[in-house]
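Visitor: I'd like to go over a predicted model; first the sequence, then the structure.
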Amino acid sequence: MTVPACGDVLIGGHWVAADKGTYQITDPATEEPAGHAPACSAAQAMAAAGAARAAWDNGSWSALSGQERGALLRKAAEQFKARMNDLVDLTIAETGAVRPVAVSQQVAAVAVRLAKFADLAALSPEEALPPRELAGPGARGIAAGLVVREPIGVVACITPFNFPMTNCAGKIGAALACGNTVVVKPAPVDPLGVVELCRIVDSVLPPGVVNFVCGPGADVGEALTTSPNVDMISFTGSTAVGRQIQQAAAARMKRTLMELGGKSANIIFADADRNKAVANAMQVWTFHSGQICIAGTRLLVEASIYDEFTAGLAKAAASLTIGDPREPGVVVGPLVSAAQRARVEQFIAQGIADGATLACGGKRPAHLRRGYFIEPTLFTNVRNDMTVAREEIFGPVITAIPFRDEAEAIAIANDSDYGLYGYVWSGDTARALRVARALRTGTVQINGSPMNADAPFGGYKQSGLGRDGGRYAIEAYSELKYIGWTA
Ligand code: NAD
């Protein structure tokens, strides 16, 4: 079987052979080759940053109006939309996403994000401050002025493996809408869809505005974090790598946007709509095999319903079809790689060793001889100080912890190094809102409220720095300048 192969990286509008050739991408469901990706050198990553700097300096993009940039981004969104169907099989082969997730969240979402930022590009970059008469000892006269939003310069977009194209589209869409130029560096394990996304966007934009580098090691990303030509690093990934990047960025005070890990609480009160809460808990547990930063992996259940609720979940897990993500009806696909599965298995072993009860799962499914699968796994009798309740596992593993009352639920939820997301289920709206306000997380969803693309998105504590999402992303990828004058 022939598989897609790309041996080139994109530097200054030219696709050039990667210095170190190619490396294999593996289909996580079959363990067969899914393609070959370019392995570039650190020097090529530096060259890509230099090309992005040259494109920024020549004004071919940064000097366009927001409307002009929006029109080109809209064209890119349309061209991507026309290619979407071709990209679904590739996406399943490299990410292991089940078909419905590949179609909607991995592929269609890319066109939606590009189109959204095409609209946001037209937001006015200037705001007049009303004149004020100052008569203090330090300042006298009429103060009037403009707040001007300007691009930051060159943005390195470093992305994780779980939603490769969607995550990249959110970053380049926002960065480009503001007038920045970009260098894209996807996760090594599944970069082939991102190659196609960059090909499409580059074909519409002036040369050098979008650059693409890729390689199996950390050196390519590291080169971008140290390059003097990179002004901002937009990073989504683990907190451990985010910390390293933040340190590298500090040397030149590079701007950073950090979207990091999570260990989110999913709080179920006894008065919640039980059916909806179970369905939602199942969804956040198994969606993309738990490889999602916002997963509610710490299930906090009011003590009076804890046994019944967790028994219901364990029973429901048995009905989930695990298998080849291409097969209709399969809801749980593989983890992305052997390394990711090994990591998840280590956490499961740790949970057992620490005395948590394995209520279901915990093993590789017996009927699947190949692929990096793990059964949906539920730990009960978990204490919040156990490793499985503290560390992000990034697999289909949740831990259920009982709580006595509202105050204890809030205390347990907030007793975490992370602060990305939270879920609250209660029939008492006033209480649900009180709890939502008390949670130290960037987002809280009450009673299954859907995600909102206009809302700010990001983490408190070690889940990140800054906010993405809608117009908040436009602020994140911009510098603000005040121009004051006096009559
Ligand atoms: P990762 O941190 O291992 O890698 C992310 C990216 O950083 C990859 O492109 C990788 O090659 C690159 N990288 C690694 N070392 C580097 C270095 N020293 N310098 C520069 N770049 C480097 O993350 P992952 O395993 O690909 O993804 C899973 C993680 O992503 C989870 O922690 C998850 O929570 C997080 N994530 C967060 C969000 C969010 O919005 N908060 C969204 C999706 C995923």
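Guide: Perfect, I can see it now.

Visitor: Helix or strand next in line after the helix or strand containing Leu257, which one?
Guide: Assessed by DSSP states H and E, Leu257 sits inside strand 255-259. Proceeding N to C from strand 255-259, the next assigned helix or strand is strand 265-268, under DSSP H and E.

Visitor: Please put the alpha-carbon coordinates of that next one into CSV.
Guide: These are the backbone C-alpha positions of strand 265-268, laid out as CSV (Å, rounded to 0.1, in the frame of the first residue of the first chain):
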residue,chain,number,x,y,z
ALA,A,265,-12.9,18.4,38.0
ASN,A,266,-16.3,17.2,36.9
ILE,A,267,-18.5,17.9,39.9
ILE,A,268,-21.7,15.9,40.2
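
Visitor: Residues in contact with that strand: which ones?
Guide: 277, 280-281, 284, 296-302, 305, 309, 403, 409, 412-413, 416, 422-425, 435, 439 (Cβ atoms under 8 Å, 6 or more residues apart in numbering). For the C-beta atoms, the positions are set from N, CA and C on the backbone; glycine is no exception.

Visitor: quick one: pLDDT of the closest residue to Ile92 other than its chain neighbours?
Guide: The shortest distance from Ile92 to any non-neighbouring residue, by Cβ to Cβ, 6 or more residues apart in numbering, is to Ala102 (4.8 Å). With respect to pLDDT, Ala102 scores 98.

Visitor: Ala102 reaches Asn85, doesn't it?
Guide: No. Judged on Cβ atoms under 8 Å, Ala102 makes no contact with Asn85 at a distance of 11.1 Å.

Visitor: neighbour-wise, which of those two wins?
Guide: Ala102 (26 against 11; other Cβ atoms under 10 Å).

Visitor: Am I right that that one is in a helix?
Guide: Yes. Under DSSP: H, G, I helix; E, B strand; the rest coil, Ala102 falls within a helix.

Visitor: ok, Ala121 - contacts?
Guide: Residues near Ala121 by Cβ under 8 Å, 6+ apart: 66-67, 69-70, 73, 176-178.

Visitor: The strand ranked longest in the chain pairs with which strands, parallel or anti?
Guide: Using DSSP state E, we find that the single longest strand of the chain is strand 140-151. Applying DSSP bridges, strand 140-151 is found paired with strand 126-135 (antiparallel), strand 478-485 (antiparallel).

Visitor: pLDDT on the last one, on average?
Guide: Translated: strand 478-485. Strand 478-485 comes out at a mean pLDDT of 95.

Visitor: Go through it and flag the buried ones.
Guide: Neighbour-count burial for strand 478-485, counted by 16 or more other Cβ atoms under 10 Å, picks out Ser478.

Visitor: And stretch 205-217, by the same measure?
Guide: 205-216.

Visitor: May I have the distance across it, first residue to last?
Guide: Start-to-end span of stretch 205-217 (Cα to Cα, to the nearest Å) is 29 Å.

Visitor: how far is it from where the chain is centred?
Guide: Relative to its chain's centre, stretch 205-217 lies at 19 Å (Cα atoms, centre = their mean, to the nearest Å).

Visitor: cool, stretch 441-456 as well?
Guide: 15 Å.

Visitor: And it, end to end?
Guide: 12 Å.

Visitor: what's in contact with it?
Guide: With Cβ under 8 Å, 6+ apart as the contact definition, stretch 441-456 has outside contacts at 112, 116, 264, 272-273, 276, 280, 294, 419-426, 429, 432-433, 435-436, 457-460, 463-464, 467-472.

Visitor: Quick one: the buried residues of stretch 205-217 as CSV, columns for pLDDT and secondary structure too.
Guide: As requested, the buried residues of stretch 205-217 are exported to CSV (pLDDT from 0 to 100; DSSP: H, G, I helix; E, B strand; the rest coil):
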residue, pLDDT, secondary structure
Leu205, 98, coil
Pro206, 98, coil
Pro207, 98, coil
Gly208, 98, coil
Val209, 98, coil
Val210, 98, strand
Asn211, 99, strand
Phe212, 98, strand
Val213, 98, coil
Cys214, 98, coil
Gly215, 98, coil
Pro216, 97, coil
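
Visitor: Show me which pair in those is furthest apart.
Guide: Pro206 and Pro216 (30.4 Å; Cβ to Cβ).

Visitor: Relative to Ile374, how far out is the closest residue to the ligand within the stretch 1-150 of the chain?
Guide: In the stretch 1-150 of the chain, the residue that lies nearest the ligand is Ala45 (9.7 Å; Cβ to the nearest ligand atom). Ala45 sits 34 Å away from Ile374, taking Cβ to Cβ, to the nearest Å as the criterion.

Visitor: So which of these two has more stuff around it?
Guide: Using other Cβ under 10 Å, the more surrounded residue of Ala45 and Ile374 is Ala45, with 29 against 24.

Visitor: That one - nearest residue in space that isn't next to it in sequence?
Guide: In space, Ala45 is closest to Ala223, 3.8 Å off (Cβ to Cβ, 6+ apart).

Visitor: In contact with the one you found: list those residues for me.
Guide: Ala223 makes contact with 42-43, 45-46, 49, according to Cβ under 8 Å, 6+ apart.

Visitor: how far does the helix or strand encompassing it sit from the chain's center?
Guide: Secondary structure assigned from DSSP H and E places Ala223 in helix 219-226. Put simply, helix 219-226 sits 19 Å off its chain's centre (Cα atoms, centre = their mean).

Visitor: what's the answer for stretch 152-166, then?
Guide: For stretch 152-166, the distance to the chain centre is 9 Å (Cα atoms, centre = their mean).

Visitor: same deal with stretch 102-113?
Guide: Using Cα atoms, centre = their mean, the offset of stretch 102-113 from its chain centre is 13 Å.

Visitor: Helix 219-226 and the strand holding Leu257, what's the angle between them?
Guide: Counting by axes from the mean of the first three to the mean of the last three Cα atoms, to 10 degrees, strand 255-259 lies at 130 degrees to helix 219-226.

Visitor: Now do the buried residues in the longest strand of the chain.
Guide: Neighbour-count burial for strand 140-151 [16+ other Cβ under 10 Å]: 145, 149, 151.
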